[in-house]
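> Model the following, please.
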Amino acid sequence: MHGSPHIVSDVMTHTVAAIGRSATFKEIVRMMHDWKVSALPVLEGEGRVVGVVSEADLLPKEEFRDSDPDRHTQLRRLSDLAKAGAVTAGELMTSPALTVQADTTLAQAARTLARAKVKRLPVVDGLGMLQGIVSRADLLKVFLRDDEDIAEEVRREVVSYLFPAPASAVRVAVREGVVRLGGRMRDTSLVPVAARLIRAVEGVVDVEFDLSEHASEAAGGSLQ
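Below you'll find the model as predicted:
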């Protein structure tokens, strides 16, 4: 690692609210309210994650509380109707739980969250034991990184390899996470490669290139 978080263990929350299979509906709602979370891991044994109960699992009880769904709705919403009658975490939970491990990269965790359309994921070890929780907000922490830290990593990990001095003289500036490269570049065909590598640096919002100086120097050289 280059001074910035790249894996889930760097940003995850270690203190996690969790429940057992026998937790009642009201206990679940109360814990969600007290901890200000929208989902809770369900544990068994010494802490193995067996499922997750979310607000979406709880809402059918209110939705169908005073309704008498027709046959079509019953067939189409069978799972929701079952949850409307559930009273414990074991009956309400989504299982198996979607989880990640602590050494999962932040990019992989972000893709998992996006594809599953969930707000947080339990973090487990190789045996499925709960280690923490990672949320969308946790993954966004990388964008709080200081601009100069980003600039230093770009210089060290990208520019020094692709555009080494003295043949190149590339300047790196970062403002609000946007990286801007300018100056003289020995091989401008490497610009797309540089852009891809820089975007992989944690905390980078975007990449810009100022090739005007390089172009004017090249033009001046061609006239000599």
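
> Show me where this protein has its strands.
Assigned by DSSP state E, the strands in the chain fall at 19-20, 39-44, 48-54, 100-101, 120-124, 130-135, 169-175, 178-184, 206-210.

> pLDDT averaged over stretch 173-182, what's the number?
Stretch 173-182 carries an average pLDDT of 96.

> again with stretch 85-103
Looking at stretch 85-103 alone, the average pLDDT works out to 92.

> Report the buried residues of that stretch.
Of the residues in stretch 85-103, 86, 88, 89, 90, 92, 93, 94, 97, 98, 99, 100, 101 count as buried by neighbour count, 16 or more other Cβ atoms under 10 Å. From N, CA and C alone the C-beta is placed, and that goes for glycine too.

> wait, isn't the third one in contact with residue 28?
Yes - here residue 89 lies in contact with residue 28, judged by Cβ atoms under 8 Å, at a distance of 6.0 Å.

> Give the intersection of the neighbour lists for those two.
Among the neighbours of residue 89, those also in contact with residue 28 (Cβ atoms under 8 Å, 6 or more residues apart in numbering) are 19, 40, 53.

> Return the member of these nearest to residue 60.
Within the shared contacts of residue 89 and residue 28, distances to residue 60 taken as Cβ to Cβ reach their minimum at residue 53, with 12.3 Å.

> what sits opposite the closest one in the beta ladder?
Applying DSSP bridges to residue 53 gives these bridge partners: residue 40.

> Relative to residue 7, how far out is it?
Taking Cβ to Cβ, to the nearest Å as the measure, residue 53 and residue 7 are separated by 27 Å.

> All set now, cheers.
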